[in-house]
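Peer 1: the following block contains a protein sequence and its predicted model.
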Amino acid sequence: MSPPDKLLAHIPAAQEGVDEAYLQRRSVWETRISVLISLTVTFGLMAGAVLVSLWYTRGQSAVVTPA
Amino acid sequence: MNMLMFLGGLVLLVIGANALVRGASKLAMSFGISPLVVGLTIVAFGTSAPEVAVSIGAVLDGKTDIAIGSVVGSNIFNVLFVLGISALIAPLVVNIQLIRQEVPIMLGASLLLLALTLDGQLSFLDGGTLFALLVAYTVFLVVQSRRETQAAKDEFADAIQPAGAGAWDSHWAAQVALIAAGLVALVFGSDYLVKASVSFAKAMGVSDLVIGLTIVAAGTSMPEVATSITAAIKGERDIAVGNVVGSNTFNILSCLGLSGLVSGDLGLAIAPSLLAFDIWVMLAVALACLPIFMTGREIARWEGGVFLGYYVAYVAYLILAAQQHDALQAFSGVMMGFVVPLTLVTLVVVMIRRPAAAGEP
C-alpha cells in the first residue's frame, strides 16, 4: 500500500473516533442543558404558583411592605 | 477518582441548593413576600433540590433505577436515619399540625406513589398527576399561611432574615446571580454524582437501584441531615421533624413528578424488587410516624434508637440481598418473625398507655 493510501485508510477510523467522542460530549452537554432547563422551568412554575396564590389572597397580612 | 467525583458532586449539590435558597429567599423578600411564605415554599423546596436535580439527570441519562431509588431511599433515610439521629441528640417535639395535616399528606403521597407504580411503570401522565399535586400543595401552603398565628410568623421571621442594606447580596442582580449559580452547581453536581454512582455500582457488582437506594439517597439528603441535626442541637426540636416530613412529601411529588414528565412517552420502568419491597418499606416507615409522633407528641430517645436500628437493618438487608448472601434467609426470618412483631407490640402498648396526647390542643 502506498503512503497516501495508508494515510487515507486511517482517515475513516480516525474520523469515526472523533465523531464518537464528539457525540458523547454532545450527549453529556445535552443532558446537562436539559437538566438546567427542567430545573429552571420547575422553579419558575413554582414561583408563578406562589405569586398567583399570593395575588388571589392579597390584602391580608402575609405580604409585608419591604423596608 | 470515582470517590472524588462523588464527593465533588455532593459538595456542588449542597452548595447549589444553598445558593438557590439564599438567592430566591432574598429576592422574594425584597419583593415583599413574608418570611413565612418563603420558609414554606422556597426553603422547603430548596432542600429537595439535590434530589430533584439527581432524579432528572438520572432519567435523562437513562439511569431510571437511580432516579426512583434515590427518592424512595431518601424518604426511608429521612425518617429512619435523620429523625433517629436527631432524636438521639435530643427528644424531638412534634407539632400538632404535623400529626393532623403534614403526616397524613406524606402518607397520602406515599400511597399514591404505590398506586401509580403498581402497573410496573411511572408514566408521563402519572408524573403530571404528581407534579400537579405539588403545585396544588404549594398553593395550599401559601393560602393556609394567611391564617397562621403571629407567633408562627415571628418564628419564621427570626429564622429567615431579609438581606441587610449594604450587604453584598442585597442587590437584585446579586440575588439573580446566586440563583443562576445555584442552578448550574446543581446541574454539574447531579451529573458527577450520577456518573460516580454508576461506576460504584459496576465496581461493587451491585445494581444501580441498590446504589440509588443507599449511597445516592443518603448523599442527596445531606441538606436535611444538616438542617435537622442543627435544629435538634439548637433546641428547635419541632423544626427537625417538620423538615423531614415536608421534605418527604416534596420528594415524591416533585422528584418523581418531574422524572415522569421528562421521561416522555417511555415512562419510567419500576424495578420489580422496588415494587415488591422498597416502596412498601417507605410506606411502612411513613405509617410508623403516626403512632410514634402521637405518643406524647414527641420522638423519645428510645424511639430514635429504634428508627436508627431499623435503618441499619434495612441497609444490611439490601447488601445481603445484593450479594445473595447465605445469611439472607436467617436475617429475614429474625426480622420478620421477631424484631418487626416486637416493635409493633411495643408501639401498640405505648399507644394504649398514652392515648390522649394526639387529641390535646
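Peer 2: Structure received. Numbers count the residues shown, from 1 in each chain, chains lettered A, B, ... in the order given.
Peer 1: okay, and the helix or strand of chain B with the least pLDDT?
Peer 2: Least confident helix or strand, chain B: helix B:150-159 with a mean of 65, by mean pLDDT, DSSP states H and E.
Peer 1: how about the helix or strand just after that one and chain A, any contact?
Peer 2: Following helix B:150-159 in sequence order, the next helix or strand is helix B:172-204 (DSSP states H and E). Yes - Helix B:172-204 lies in contact with chain A when judged by C-beta under 8 Å from any C-beta of the partner chain; the contacting residues are B:179, B:183-184, B:186-188, B:190-191. The C-beta positions use only the backbone N, C-alpha and C, and glycine is treated the same way.
Peer 1: so can I have TSV of the residues you listed showing pLDDT?
Peer 2: Formatted as TSV, these follow (pLDDT from 0 to 100):
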residue	pLDDT
B:Ile179	89
B:Leu183	90
B:Val184	91
B:Leu186	89
B:Val187	89
B:Phe188	90
B:Ser190	87
B:Asp191	87
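Peer 1: so which of those residues is the most crowded?
Peer 2: Each of the residues of helix B:172-204 next to chain A was scored by neighbours using other C-beta atoms under 10 Å in any protein chain shown; the highest score is B:Ser190's, at 32 neighbours.
Peer 1: the strands in the stretch 251-361 of chain B, which residues?
Peer 2: For the stretch 251-361 of chain B, strands defined by DSSP state E, counting those that start in this stretch occupy the ranges B:268-269, B:298-299.
Peer 1: show me what the first one pairs with in its sheet, parallel or antiparallel.
Peer 2: In other words, strand B:268-269. The pairing partners recorded for strand B:268-269 under DSSP bridges are strand B:121-122 (antiparallel).
Peer 1: what about the partner strand, average pLDDT?
Peer 2: Per-residue pLDDT values over strand B:121-122 give a mean of 92.
Peer 1: neighbouring contacts of it?
Peer 2: When contacts are defined by C-beta atoms under 8 Å, 6 or more residues apart in numbering or on different chains, strand B:121-122 is touched by residues B:68, B:116, B:256, B:259-260, B:263, B:267-270.
Peer 1: immediately after that strand, which helix or strand?
Peer 2: From strand B:121-122 onward toward the C-terminus, using DSSP H and E, the following helix or strand is helix B:124-145.
Peer 1: list the buried residues in that following helix.
Peer 2: B:124, B:126-127, B:129-131, B:133-135, B:137-139, B:141-142, B:145 (16 or more other C-beta atoms under 10 Å in any protein chain shown).
Peer 1: among these, which are within reach of chain A?
Peer 2: When contact is defined as C-beta under 8 Å from any C-beta, the buried residues of helix B:124-145 meet chain A at B:134-135, B:138-139, B:142, B:145.
Peer 1: what pLDDT is listed against residue 11?
Peer 2: As the question left the chain open, I've gone with chain A. At A:Ile11, the predicted lDDT confidence score is 60.
Peer 1: not what I meant, chain B
Peer 2: 90.
Peer 1: and the pLDDT at the closest residue to it other than its chain neighbours?
Peer 2: Here the nearest residue to B:Val11 in space, its sequence neighbours aside, is B:Gly189; by C-beta to C-beta, 6 or more residues apart in numbering or on different chains that works out to 7.4 Å. The predicted local confidence for B:Gly189 comes out at a pLDDT of 89.
Peer 1: do the same with B:Ala269
Peer 2: Per-residue confidence (pLDDT) for B:Ala269: 90.
Peer 1: what's around it, how many residues?
Peer 2: Residues lying near B:Ala269 (other C-beta under 10 Å) number 15.
Peer 1: wait, it sits on B:Lys63?
Peer 2: No - if you go by C-beta atoms under 8 Å, B:Ala269 and B:Lys63 don't touch, sitting 11.5 Å apart.
Peer 1: who are the contact partners of the closest residue to chain A within the stretch 151-300 of chain B?
Peer 2: The minimum distance from the stretch 151-300 of chain B to chain A, using C-beta to the nearest C-beta, falls at B:Val187 (4.9 Å). Counting by C-beta under 8 Å, 6+ apart, B:Val187 makes contact with A:32, A:35-36, A:39, B:16, B:53, B:57.
Peer 1: for it, give its distance to B:Met1.
Peer 2: 21 Å (C-beta to C-beta, to the nearest Å).
Peer 1: host element of the closest residue to B:Lys195 other than its chain neighbours?
Peer 2: Excluding its sequence neighbours, the residue lying closest to B:Lys195 (C-beta to C-beta, 6+ apart) is B:Met5, at 6.4 Å. Secondary structure from DSSP H and E places B:Met5 in helix B:2-30.
Peer 1: distance from that helix to the middle of the chain?
Peer 2: The gap between the average C-alpha position of helix B:2-30 and the chain average comes to 16 Å, counting by C-alpha atoms, centre = their mean, to the nearest Å.
Peer 1: ok, stretch B:113-123 next?
Peer 2: Between the centre of stretch B:113-123 and the centre of its chain there are 19 Å (C-alpha atoms, centre = their mean).
Peer 1: what does stretch B:112-125 give?
Peer 2: Taking mean C-alpha positions (C-alpha atoms, centre = their mean), stretch B:112-125 and its chain are 19 Å apart.
Peer 1: next one: stretch B:233-244
Peer 2: Going by C-alpha atoms, centre = their mean, the spacing between the C-alpha centre of stretch B:233-244 and its chain's C-alpha centre is 14 Å.
Peer 1: in the chain, what spans have low per-residue confidence?
Peer 2: By default, I'm working from chain A. A:1-18, A:59-67 (pLDDT under 70).
Peer 1: oops, wrong one, chain B.
Peer 2: Under the criterion of pLDDT under 70, the regions of chain B flagged as low confidence span B:148-166, B:237, B:354-361.
Peer 1: for the helix holding B:Met5, name the packing helices and strands.
Peer 2: helix A:3-56, helix B:35-38, helix B:44-47, helix B:49-60, helix B:172-204, helix B:217-220, helix B:222-234 (3 or more C-beta pairs under 8 Å, 6 or more residues apart in numbering or on different chains; DSSP states H and E).
Peer 1: recalculate using a threshold of 6 Å.
Peer 2: If contacts are counted by 3 or more C-beta pairs under 6 Å, 6 or more residues apart in numbering or on different chains; DSSP states H and E, helix B:2-30 sits against helix B:44-47, helix B:49-60, helix B:172-204.
Peer 1: which of these sits most buried?
Peer 2: Compared across those, helix B:49-60 shows the largest average neighbour count, a mean of 31 (mean count of other C-beta atoms under 10 Å in any protein chain shown).
Peer 1: alpha carbons of whichever helix or strand comes after that helix, as PDB, please.
Peer 2: Elements were assigned by DSSP H and E; along the chain past helix B:49-60, the next helix or strand is helix B:64-77. Coordinates of each C-alpha in helix B:64-77 appear next as PDB, following Å, rounded to 0.1, in the frame of the first residue of the first chain:
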ATOM      1  CA  THR B  64     -34.100   5.400  35.800                       C
ATOM      2  CA  ASP B  65     -33.400   3.000  38.700                       C
ATOM      3  CA  ILE B  66     -31.100   5.600  40.300                       C
ATOM      4  CA  ALA B  67     -33.800   8.300  39.900                       C
ATOM      5  CA  ILE B  68     -36.600   6.300  41.600                       C
ATOM      6  CA  GLY B  69     -34.200   4.500  44.000                       C
ATOM      7  CA  SER B  70     -32.800   7.800  45.300                       C
ATOM      8  CA  VAL B  71     -36.300   9.200  46.100                       C
ATOM      9  CA  VAL B  72     -37.600   6.000  47.800                       C
ATOM     10  CA  GLY B  73     -34.200   5.600  49.600                       C
ATOM     11  CA  SER B  74     -34.200   9.300  50.600                       C
ATOM     12  CA  ASN B  75     -37.700   9.100  52.200                       C
ATOM     13  CA  ILE B  76     -36.600   6.000  54.200                       C
ATOM     14  CA  PHE B  77     -33.300   7.600  55.100                       C
END
